[in-house]
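Colleague: Here is the input, now give the coordinates:
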Amino acid sequence: MKELIIKELHQIEAEQDVKILYACESGSRAWGFPSANSDYDVRFIYLHSQEWYLSIDLEKKRDVIERPITDDLDISGWDLRKSLQLFRRSNPPLMEWLGSPIVYWEQFTVAEQMRQLMPSFYNRKALSYHYWHMAKGNFRDYLQGDTVWVKKYFYVLRPLLAMQWLEKDLGLVPTEFQTMVEKVGLEPSLKAAIYRLIEEKKMGSELDRGPRIDTISEFIEAEMARYGELTFDYDLPKVQLEQLNTLFRSALNEVY
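Modeller: Next comes the predicted model:
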């Protein structure tokens, strides 16, 4: 599958006349709880030539590349300029891409420069509200009552643990779910229940509708009630826009 992904990335470069700087896995495979039939969710950052950006109609140009989903491969990417604008706002998916444990392609120094800048641009407040929104929506839609959508436990647990990570100021939220499970200080019985669920998903269990898992549900319900009363009053980062302008210009010089 990696060979197919690399082939597709080369084809995108040729067809779109771009340079792909970084490509990684996102979603359940990067988070560490894929099922046997999980798609490959490949995300990448790319750069056009200098002439493409030096145009009066730049704002009307498309800054996203998307491919139709085929052969379980979902692949799309963002232009570097767009990526840096989102990076400035501490965009959670972008932060997770840069921390992905599965990297398919990394050339030039751009991705590493962005990683080095992440602590300076990391907005704990914005990230907390993002994860809170994710947890609240999935909890409301899938985990009510005695019969629940079992696989959706992951999509509530992961944002809740990310919020705990940010609350405890443990640094950059890791992309890997199990790192959070190990380090945020969960009760042993809860950790055991979560790991059993991970193993079931990896072994191919559908994890569709089924009886609620009391140990996990009780934790989620308690955290949802607690976070519902918090305002995430964290200090905001002092964003230096010129750092990103410098990174963008240096990327153009390095790549072209």
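
Colleague: going forward, measure contacts between C-alpha atoms and count neighbours the same way
Modeller: Will do.

Colleague: what's near enough to touch Pro34?
Modeller: By CA atoms under 8 Å, 6 or more residues apart in numbering, Pro34 lies in contact with Ser28, Lys201, Lys202.

Colleague: Look at it and give its secondary structure.
Modeller: coil (DSSP: H, G, I helix; E, B strand; the rest coil).

Colleague: picking that back up, the contacts of Pro34 in strands, which ones?
Modeller: Using DSSP state E, the subset of the contacts of Pro34 located in strands is empty.

Colleague: Among those residues, name the buried ones.
Modeller: For those, a burial check counting by 16 or more other CA atoms under 10 Å picks out Ser28, Lys201, Lys202.

Colleague: which non-adjacent residue is nearest the last one?
Modeller: To tie it back to what came earlier, the one meant is Lys202. The spatially closest residue to Lys202, leaving aside those adjacent along the chain, is Ser35, at 4.7 Å (CA to CA, 6 or more residues apart in numbering).

Colleague: my guess is that neighbour contacts Met203, does it?
Modeller: Yes: counting by CA atoms under 8 Å, Ser35 touches Met203, with 6.9 Å between them.

Colleague: Between those two, tell me which one has more neighbours.
Modeller: Per other CA atoms under 10 Å, whichever of Ser35 and Met203 has more neighbours is Ser35, with 19 against 12.

Colleague: Please state the backbone phi and psi of the more buried one?
Modeller: Backbone geometry at Ser35, expressed as degrees, to the nearest 10, gives phi -100, psi 170.

Colleague: Could you check the pLDDT of it?
Modeller: Listed pLDDT for Ser35 reads 83.

Colleague: Distance-wise, check it relative to Ile198.
Modeller: 9 Å (CA to CA, to the nearest Å).

Colleague: Please, where are all the helices along the stretch 51-200 of the chain?
Modeller: 80-88, 92-98, 110-121, 124-142, 154-167, 177-183, 188-202 (DSSP state H, counting those that start in this stretch).

Colleague: Would you reformat those helices as JSON lines and include distance to Glu66 and mean pLDDT?
Modeller: Shown next, in JSON lines, are the helices of the stretch 51-200 of the chain (distance: least, CA to CA, whole Å; pLDDT from 0 to 100):
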{"stretch": "helix 80-88", "distance to Glu66": "14", "mean pLDDT": "97"}
{"stretch": "helix 92-98", "distance to Glu66": "16", "mean pLDDT": "95"}
{"stretch": "helix 110-121", "distance to Glu66": "20", "mean pLDDT": "95"}
{"stretch": "helix 124-142", "distance to Glu66": "24", "mean pLDDT": "96"}
{"stretch": "helix 154-167", "distance to Glu66": "24", "mean pLDDT": "97"}
{"stretch": "helix 177-183", "distance to Glu66": "26", "mean pLDDT": "96"}
{"stretch": "helix 188-202", "distance to Glu66": "28", "mean pLDDT": "93"}
